[in-house]
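A.B. asks: Sequence first, then the predicted structure:
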Amino acid sequence: MPLLAIETTCDETAAAVLTRDRQVLSSVVASQEKLHARWRGVVPEVASRAHVERIIPVIDEALSRAGTGRADVEAVAVAVRPGLVGSLLVGLAAGKGIAAALGVPIVGYDHLAAHLYACRIAHGAALTYPCVGLVASGGHTSLFLVHGPLDLERLGGTIDDAAGEAFDKAASLLGLGYPGGPEIERAAAGGDPRAQRLPRPLANDHGRLDMSFSGLKTALRYLVQPPGAAADRPRPQGRELADLAASFQRAVVDSILAKVELAIERSGCDAVAVGGGVAANTLLRDDLEALARRRGLRVFIPPRSLCTDNAVMGAIAWERLERGDNDGLTLDVAPGTDRSALHRRR
Ligand code: KG4
Ligand code: ZN
């Protein structure tokens, strides 16, 4: 009997039906990209309203694709943190309604731990613990020492913008669309990553595992719109655009890689698990593979469809259900609690 997992932390409305042996019976993701594109970023109120419209059709679609009736659902899992409060509440309300109606357990799970669990779904038991975990998404960029699927210790991360957020803002500065990561990646093809000197803030600070992306974004802004330049200065095009996008992408990836390497050195781990939307980036994936080869490490990166938000990674909830957990109907959301993990044992 399967688990129904629900994910509404940000701007994807997603549901998946997952068996106890971590098989994916169905996965439905309704993206809100088009709704947010004109603002080039997620508008929280728009996101939660769209979740309200979509959540039941998305769940029904996931059940029907899995060939599972509602009555067959054995348990419900909901991503309850971190995320946008209005978005989280929609998934939680839907999950509670179904769990209450069916009289089945409901468990909450941590979205960041789930991003890393996508590696477990994709690579199975080959991913062993402890390992270093990197989550790079639109809302978060954090490094963890991962003691187990539910046991994450935060080592560091961005002190300002998330890497995905930096991609989104850079794309906007360059006149590209939303979400910015794939747009920058496309625009960077054929560009020279050394064409522009852009900063890698904190990358050479070997004393800390923190990262920073906001100064990089500002540096790009000054290249695109130098101080004193006419406000109607045309946006970069052609070769100039490709070089700027490639240089920016290179700087973000270098900044992340420097801290992954430091986390490896400090922790003594020989494995890295990677998750989050930015992990869909080809340069980051290739460079992580190259780092792994160079240092004799194992690197685990999910397929792209499991990097961006989805409910398949809600299979992490089996780890709680298997130990008998049931949060019950008092389960609540915890929007801003990204600095530690929900399930960390004390
Ligand atoms: O994990 P995710 O789907 O949502 C959050 O939890 O935030 O990540 C979305 C972020 C966006 O900022 C998007 O621009 C970025 O992931 N992203 C990428 C790529 N695909 C998505 N960044 C760089 N390269 C990509 N190919
Ligand atoms: Zn995410």
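C.D. replies: Yes, it's here. Computed from a predicted model, the values in this text were never measured in an experiment. Ligands and ions are numbered 1, 2, ... in the order given.

A.B. asks: Flag every buried residue along the helix or strand where Gln249 lies.
C.D. replies: Assigned by DSSP states H and E, Gln249 falls within helix 238-267. Of the residues in helix 238-267, 240-253, 255-264, 267 count as buried by neighbour count, 16 or more other CB atoms under 10 Å. Placement of C-beta: from N, CA and C, glycine included.

A.B. asks: quick one: Ile184 and Leu174 touch, right?
C.D. replies: Yes: under the contact definition of CB atoms under 8 Å, Ile184 touches Leu174, with a separation of 7.4 Å.

A.B. asks: overlap in contacts of these two?
C.D. replies: Ala245 (CB atoms under 8 Å, 6 or more residues apart in numbering).

A.B. asks: Could you count how many residues lie near the residue of the stretch 51-200 of the chain found nearest ligand 2?
C.D. replies: Shortest the stretch 51-200 of the chain-to-ligand 2 distance, computed as CB to the ion: residue-wise this is Ser137, at 4.1 Å. Under the neighbour criterion other CB atoms under 10 Å, Ser137 is assigned a count of 25.

A.B. asks: ok, which stretches of this protein are helices?
C.D. replies: Taking DSSP state H as the criterion, the chain carries its helices at 33-37, 44-66, 85-102, 111-123, 163-173, 180-188, 214-224, 238-267, 282-295, 317-321.

A.B. asks: Any chance you could list what contacts the third one?
C.D. replies: The set of residues external to helix 85-102 that reach it, using CB under 8 Å, 6+ apart, is 4, 6-11, 13, 44-45, 47-48, 51-52, 55-56, 59, 70-71, 73, 75-81, 104-106, 108, 329, 331-333, 335.

A.B. asks: check those against ligand 1, which are close?
C.D. replies: Restricting the contacts of helix 85-102 to those touching ligand 1 (CB under 6 Å from any ligand atom) yields Cys10.

A.B. asks: Separate out the buried members of the contacts of helix 85-102.
C.D. replies: Among these, those classed as buried by neighbour count (16+ other CB under 10 Å) are 4, 6-11, 13, 47-48, 51-52, 55, 59, 73, 75-81, 104-106, 108, 331, 333, 335.

A.B. asks: Next step: those residues restricted to strands.
C.D. replies: Cross-referencing the buried ones among the contacts of helix 85-102 against strands under DSSP state E gives 4, 6-7, 13, 75-81, 106, 108.

A.B. asks: Could you identify the most distant pair in these?
C.D. replies: Within those, two members stand farthest from each other by CB to CB: Thr13 and Ala75, at 20.1 Å.

A.B. asks: what about the spatially closest residue to Gly296 that is not a sequence neighbour, how many neighbours?
C.D. replies: Once its chain neighbours are removed from consideration, Gly296 has its nearest residue in Asp270; the separation is 7.1 Å (CB to CB, 6 or more residues apart in numbering). The criterion is other CB under 10 Å. On that basis, Asp270 has 15 neighbouring residues.

A.B. asks: wouldn't Leu284 be in contact with Val253 here?
C.D. replies: Yes: proximity of Leu284 to Val253 meets the contact threshold set by CB under 8 Å, at 5.0 Å.

A.B. asks: Might you enumerate the residues of this protein proximal to ligand 1?
C.D. replies: Residues of the chain that fall close to ligand 1, judged by CB under 6 Å from any ligand atom: 10, 137-139, 164-165, 167-168, 179-182, 185, 276-278, 280-281, 308-309.

A.B. asks: returning to what we had before: pop out the phi and psi values for the residue nearest to Gly296.
C.D. replies: When quoted as degrees, to the nearest 10, the phi and psi of Asp270 stand at phi -110, psi 10.

A.B. asks: For it, give me the pLDDT.
C.D. replies: If you check Asp270, the pLDDT there is 96.

A.B. asks: Over to Gln32?
C.D. replies: Gln32 is assigned 87 on the pLDDT scale.

A.B. asks: Likewise for the one 10 residues further on?
C.D. replies: At Val42, the pLDDT value in this model is 84.
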